[in-house]
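Colleague: Requesting a structural model of the entry that follows:
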Amino acid sequence: MSGQASGMAVVIGSTDVPLKMSDVTERIISGIMNDGVVDVIGLDESMFLVCSALNLSSEIARIYIDEIKFGYVDDPVLGKVPAIYAHVTQQESIHYERLVAEEEQAMDNISDQTISVGHEIPIEKLVTRSLMALARFDEIKLIAAGGSINEAISLSLKLTSGQLTKEPVAVKLIYLYSINMRNDPTKKISAISVYLKKGMFSEPVDFSRLLKNK
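Modeller: Below you'll find the model as predicted:
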């Protein structure tokens, strides 16, 4: 995985939420056309929009995510806000479907190890469910679709911050994909699966470096 900031970054903040997914996708493709690689950052409420644009970009063009992480950005007004970072390139280096299959094959009881995240479930309840699952298993899976992707990322950050879990917990794998909408199976919506593993450590994303001069 890259871990290196490219010359161009697409940064989407909360004020950009009214943008269409196609608008953000266009920015990603433009960055790829210019530099061949691009850093994509989504802040706070825009994280779902960024995930959807990343997913669409990879579906319609020769564009691949070779690194994706969650973290916090220090905002002078709001304090720490959740954020997502992805490094996008034209060279496929990670076969996500294969990695997902390997992770789920290793899970003893995938239904009990899966936490479904939705708008209607209070974050406190989601945190408690996740902690109970982590007490039983070494690995759990968070799943969300649509706007609930924001909640799934926030939940992941709460569980990996080291403030709540008895043991260190880190993100092992993040997978973006599409699923059919419940109310209209002819349409698709972006979804995310986040695999959290006990006993793992991860370095925080250096957003200050990524955002410098962007």
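
Colleague: quick one: the helices in the protein?
Modeller: Listed in chain order, the helices found in the chain under DSSP state H are 21-35, 47-60, 96-106, 123-136, 148-160, 207-211.

Colleague: Residue 70 is nearest to which of the ones you listed?
Modeller: Ranking the helices of the chain by proximity to residue 70 (Cβ to Cβ) places helix 148-160 first, at 5.3 Å. (Each C-beta comes from the backbone N, C-alpha and C, glycine too.)

Colleague: per-residue confidence averaged over the closest one?
Modeller: Helix 148-160 shows a mean pLDDT of 96.

Colleague: Check stretch 59-79 too.
Modeller: For stretch 59-79, the per-residue pLDDT averages 89.

Colleague: shift numbering so it begins at 582
Modeller: Sounds good: first residue 582 from here, last item stretch 640-660.

Colleague: what about it, distance to the chain center?
Modeller: In this view, stretch 640-660 has its centroid 7 Å away from the chain centroid, taken as Cα atoms, centre = their mean, to the nearest Å.

Colleague: Repeat that for stretch 629-638.
Modeller: 10 Å.

Colleague: Using TSV, lay out the helices of the chain together with mean neighbour count and distance to residue 698.
Modeller: Shown next, in TSV, are the helices of the chain (neighbours: other Cβ atoms under 10 Å; distance: least, Cβ to Cβ, whole Å):
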stretch	mean neighbour count	distance to residue 698
helix 602-616	17	20
helix 628-641	23	12
helix 677-687	13	17
helix 704-717	15	6
helix 729-741	23	4
helix 788-792	15	23
